[in-house]
Structure formats: C-alpha cells, structure tokens
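In: Whatever this is, show me its structure:
(2 chains)
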Amino acid sequence: MSGPRQSLPNRFGRFGLGLAAVTVLAFLMAPLIIIVLFSFKSSGDFTFPITGWSLKWYREFFTTPTWMDALRNSLVLAVSTTLLATPLGTMAALGLAAPQLPGRRLISALLLIPMIAPVVIVGVGMYFVFSMTGLTATYPGLILGHTSLAVPFVVVTVSAVLTGLDRRLLWAAASMGASPFLTFRKVTLPVILPGIASGALFAFATSLDEVVVTMFLAGPGQRTLPREMFTIARDTLTPTIAAAATVLIAASIVLLTASMVLSRPGANATR
Amino acid sequence: MTDRPIVDPAVPSIVSFRAVTKRYDAKSIVVDDLSLDIVKGEFLTLLGPSGSGKTTTLMMLAGFEWPNSGRIFMDGQDITDLPPHKRDMGVVFQSYALFPHMSVADNVAFPLAVRGIAAAEARRRVGEALELVHLTGFGDRRPGQLSGGQQQRVALARSLVYRPRIVLMDEPLGALDKALREQMQIEIKQIHRQLGVTFVYVTHDQDEALTMSDRVAVFHEGRIQQISPPVEIYNRPRTRFVANFLGETNMLPGTVVSAGDGFARIRLGNDAVLRGRAGDGIAAGQEAVLVVRPEAISEIHAEANTIEGTLLDQLFHGDHVRVRIAISGGQTVQLKLRPQACAGLPPAGQTLRLSIPAEEALILA
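Out: Here you go, the predicted model:
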C-alpha cells in the first residue's frame, strides 16, 4: 500500500466492514430495544408510534403477587443453583486437571453433555427420572435440574484458568513446605478465583433464564420469571411482560459486566 | 564405569542417589542407573545438553518426579517416597514461579508462614533475605512490576529465607540476558559462600558450570560421564563427550602404539606419533583419539612431540588469534595464540611444525 493515505478500495472495504458490523449488531439488539421501549409505553398495546411514556407496567409488575412470587422463586433457584453448581463444577475441573487422571476426555465429554444436548431432550429425560424419585414439582428437583445445566459452564470457565496455572507455582509452594491442602488454599484458589467467580455468574444466569427444564419439572404453583412470561405471552399479552423482560435484561447486563471485569487480564493483581 | 561416585570419605555427603533409574516408557530411559553423592555445603552443577537427564535428576531430588528403581537418601534417611513438602529443600525455577497474587514480601514470607513463624520474626527475616539479594524496599511491589532479574532475585530470597539444608536451581538464569546472567552468577556464588548451604544447580551453559561450581557432573544420555572440580573437568576430561562438551578441543584419531606410566603414544593418520596422558583403560593396539585444547598447542620451533602441517588461515579475535593448520591425513588443528605470538608465523600455504606438550594432551578411548 502507498503511504499514510489509504487507497480507495481499502477505504471502501473498511466502510463495508463497518456497515456489516453495525447491521448485525442492530439485528441482534433490535428485539431487546423494542421490548425495553414498550415497557415504558403508556398505552397497553405493542404498536408504534409510542405516544406517551409511563412506569405503570413496572408498578404492576412489582405489585402483582404472581409476578413477585415468580421473581422470588427465580432468585431462590438461581442462588441455590449457583451455590451448588460452583463447588461441584470447580471440583470437577480440578479433577480433570490432574495429570494422572485416566479417561480424562471421556469424563470431560460426559460432563459437558447437558450443555450440548437439546434442552427439550434433557427436560423430558429429567421429567421421567425425577418422577420416579418423586422430585418433580419440588424445589429440590428444580434446583437439581438447573444445577445439572449450570455445572458445565463452571467446569469450562474454571478449566480455562487451570490450564493457565503454572504447575511450578504449586511445586514451589510444596518445596517451601506447604501441604497439598495449604497449597490449594493459598496458591491455587486465589489464582483461579476469577475463573470460579465468572463460572458462578454463568451458573446464576443459566438458572435465571431457564424455561424448558422448568416447564417439565415445575408444579403448577412453582412460577419462575421466564415461565410466567412464557405463559403470559401465550395467553394475555400485556406490557407487564415487557417490564419483566427489561428487569431480566438489566440483571443479565449487570452479570455480564461483572464477569468481564473479573476475567479481564490482571484482575487478580489486586487483592 | 564412568558414573562411579567420586567422594571424599572425610566429607559427609548430604544426599546420595543409589542406582536410580527413571524411564517414561520402555524405550526412553531418562536417568540410567545413576549413583551420585552430593557433599554437604558444596556447589554442585549438573551440566549437560537437553534431554541428558540433569533436570529429571534434580526433580527427583525435589520430589516432583519419582524414580522407577533405586533409592535416594538424605542424611542417611531414605527420602525416595517422601512428598516434596516434607523434604526441606529450596527450589528456584527458570520461570521464577512467584505467586502473582502476593506482594514480594508476602512471597518471601510464604515459607515462614507455612512454618508458623511469628509475624515480627518473619518480617525481620524477610528484610534480611531481601537485603541479601539487593532488593530492600521492593517488598510492597507485585512480582509483575519487577524485571526478570529482580523476579529471579525474589525467587532466590524466597528459597533461602527458611534456611533449607539444600537449595536446588533449575536453569535459574536461563531467561536472563548475558550481562545480567554474569552478574547473577557472581551474586549466587557469593551467597553460596556466605551461607554455606548446599547448592545443586542445573544448567546447559558450560561457562556457568565452570565459573560457579565446586564440582561439575557432566550428564549424557542419562548417565554421569564425569564428576570433578571445574579445572579437572576442563583439563582432564575422561571421555570424548566431556572433552567436546566443555570448551573447544582438537580431536585427532589414531592407534595407540604403547602405554605405561600414565602416558601413551598414539600413531595418527599421517604416521606421526605423539605422546600424551593416557585416559582410563588405554592399551597398546586400540583405536583412540588425541585430545588437545587449542590454547595448549603453542610453539612453532620445538623438538619433541611435534607434528607438521600447512597453515590455512589466521582469524584475529582481539585478545587472541585463531590459527587453523591442516595436517596430512585430512585433519585440521585449531590453535589459539596471543596476537604477539603470531609475528613469526609463515604466510598461509607454508608448512610449519607444531609442538604439542605431552602433559596437556590426552589420549582417550
């Protein structure tokens, strides 16, 4: 290429690339933006143009007992799932990182099945297995269902940081007299903590958004936010659903930001 | 035969390897029937090319690798199956292995915290250790904020602060540039003298081995070829491999004519017969090589033990001149002369006689 000024085809190429990127981004963002706009619309229909703004759908969302019930259920499930999936997934990742483990690839593939298999299949399967053990329509059943979907995400994120962990750090700790447990607590855990935290956020988000397995396993009274939205969207479409969706979107953005902050390079440089 | 342990019975050994073998699979033997005694307080260097078994030997001593057979003893106690954290050794790695989430001071204090040493005492000893490696005032920094040389000093301080009985170093200066490496060599040597701790040092750099060590063990294909003080390793190599691996050397093949009194005569390809010190098991009639350093061959007009050749070229290197001489039989001999000594040399293409002092020539099997 010639000098600092870019040639015409090159400039045209850059413009084309920018246009394509913006188009794809707009396509991805449009549904979310429309939902957020409708949630603030004063009239109760899903049509443009928007003539007046209002917070009344939010008021309705936060004052209707069924919605609040669903929100509370969703949060309880998400927190329980996170508390269960994070240690399980972390331990699995640690086990998979052990150099002497036989059949590592097979075990790893089995662990990741819930992430790859169609969720409907997983849901149907869980329904049959759980109904045999009396776990359907119970909170423990829902938590277990969500946990099995969330564990693979924790395994993947923790495994990623473990592969970056220098074995010699552990050797150095051992040579200085630290027992394997102390080495884990003082060296391994602090170094992989950002990975564990981002795995936990994925687990939380997985449970919060989950609808398919919930549909199969939940009892009639066990509303969750996505399930309630699904029901409402099918029966009586009210803008309250847009308000609920906006709340979920906001929560997702917070979680995503948190996970990006945690996984940015040098995040563990400050204690 | 060549890996027979050489120990002064008067000095107690701190570590003993006895017939230690390590293999990763049936074909690749990494360490082959190794017996080695490490003397208390010495600076022992394990020297060899990559894959020669030196690092594996060090890792077995640290407890990160286990031998397939043989035993390792420390102070008479069998430590072969002892886990690394019960061995009381300091280890320094080429990659520094500093804990990235801790400050420099916390890194150095780690082994003290493990031992339950009180905070005030620990702080004092961390200060001393950082002073020893010239890093006073760096305690609050993170490892990532230090240069490579500084990080390696922190690692060194951390491996010394709890006064382990033995400090193991795996190519600790391998990641540093030349000037820094030479400075660190001097500092490590000083620390060794100051503390009197046993150092076992792995390197593939022959200069490093010669300058720093009390003894050098030369590894080749999983065996120790020779273990001797640096001067002896350099001047009296016992195998062709050792002669070749340390420094430059001339090797002239021939047939041994006679042997006795620690000397032997060898007939080279051009029928010249030269005298030199006889290596292990040299007997008349066998094929052997005459080994002589470029700086040992000197004078041009001498009467005994000489060989004739044609001067090929001279290369000026500042403090010395390299002269290449072709001797009949297709061999080339290298000389390293002081520039002043080259004044009387004939021009290229002329013949001249080289004198090879029998004391400094070796005849090896």
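
In: Contact residues of chain B facing chain A?
Out: With the criterion set to C-beta under 8 Å from any C-beta of the partner chain, chain B comes near chain A through B:62-64, B:83-91, B:93, B:95, B:97-102, B:110-111, B:114-115, B:142, B:144, B:155, B:158-159, B:162, B:168. (C-beta placed from N, C-alpha, C; glycine too.)

In: residues contacting residue 191?
Out: Using chain A. With contact taken as C-beta atoms under 8 Å, 6 or more residues apart in numbering or on different chains, A:Val191 is in contact with A:Val161, A:Leu165, A:Leu169, A:Asn268, B:Phe99, B:Pro100, B:His101.

In: Sorry, I should have been clearer: chain B.
Out: B:Leu132, B:Val133, B:Leu156, B:Leu160.

In: again, but for B:Glu65
Out: By C-beta under 8 Å, 6+ apart, the residues touching B:Glu65 are B:Lys22, B:Thr56, B:Met59.

In: Leaving aside the residues adjacent along the chain, what's closest to the second one?
Out: In space, B:Thr56 comes closest to B:Val30 once its chain neighbours are excluded; the distance is 4.7 Å by C-beta to C-beta, 6 or more residues apart in numbering or on different chains.

In: for the helix or strand encompassing the one you found, packing partners?
Out: Assigned by DSSP states H and E, B:Val30 falls within strand B:29-39. Contacts defined by 3 or more C-beta pairs under 8 Å, 6 or more residues apart in numbering or on different chains; DSSP states H and E place strand B:29-39 against strand B:13-23, helix B:54-62, strand B:198-203, strand B:223-228.

In: need those in CSV with mean pLDDT and mean neighbour count, can you?
Out: Output for the helices and strands packed on strand B:29-39, formatted as CSV (pLDDT from 0 to 100; neighbours: other C-beta atoms under 10 Å in any protein chain shown):
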stretch, mean pLDDT, mean neighbour count
strand B:13-23, 92, 19
helix B:54-62, 94, 23
strand B:198-203, 95, 25
strand B:223-228, 94, 23
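
In: Could you say which one of these comes nearest to A:Leu19?
Out: Comparing these by their distance to A:Leu19 (C-beta to C-beta), the top pick is helix B:54-62, with 55.7 Å.

In: Next one: the nearest residue to B:Phe199 once chain neighbours are set aside relative to chain A, how far apart?
Out: Leaving out its chain neighbours, the residue that sits closest to B:Phe199 by C-beta to C-beta, 6+ apart is B:Phe43, at 4.6 Å. Distance of B:Phe43 to chain A, computed by C-beta to the nearest C-beta, to the nearest Å: 19 Å.

In: Quick check: A:Phe202 touching A:Ala150?
Out: Yes - if you go by C-beta atoms under 8 Å, A:Phe202 and A:Ala150 touch, sitting 7.1 Å apart.

In: the more surrounded of these two?
Out: Using other C-beta atoms under 10 Å in any protein chain shown as the criterion, A:Phe202 and A:Ala150 rank with A:Ala150 on top: 29 against 23.

In: give me every residue that touches that one.
Out: The contact partners of A:Ala150, by C-beta under 8 Å, 6+ apart, come to A:Thr81, A:Thr82, A:Ala85, A:Gly89, A:Phe202, A:Ala203, A:Thr206, A:Ser207.

In: pretty sure B:Leu173 is in a strand, no?
Out: No - counting by DSSP: H, G, I helix; E, B strand; the rest coil, one finds B:Leu173 to be coil, located in no strand.

In: What backbone torsions are found at the closest residue to B:Gly48 other than its chain neighbours?
Out: Using C-beta to C-beta, 6+ apart and skipping the chain neighbours, the partner closest in space to B:Gly48 is B:Phe219 (3.2 Å). Here is the backbone geometry of B:Phe219 (degrees, to the nearest 10): phi -100, psi 140.

In: Sweet, I'm off.
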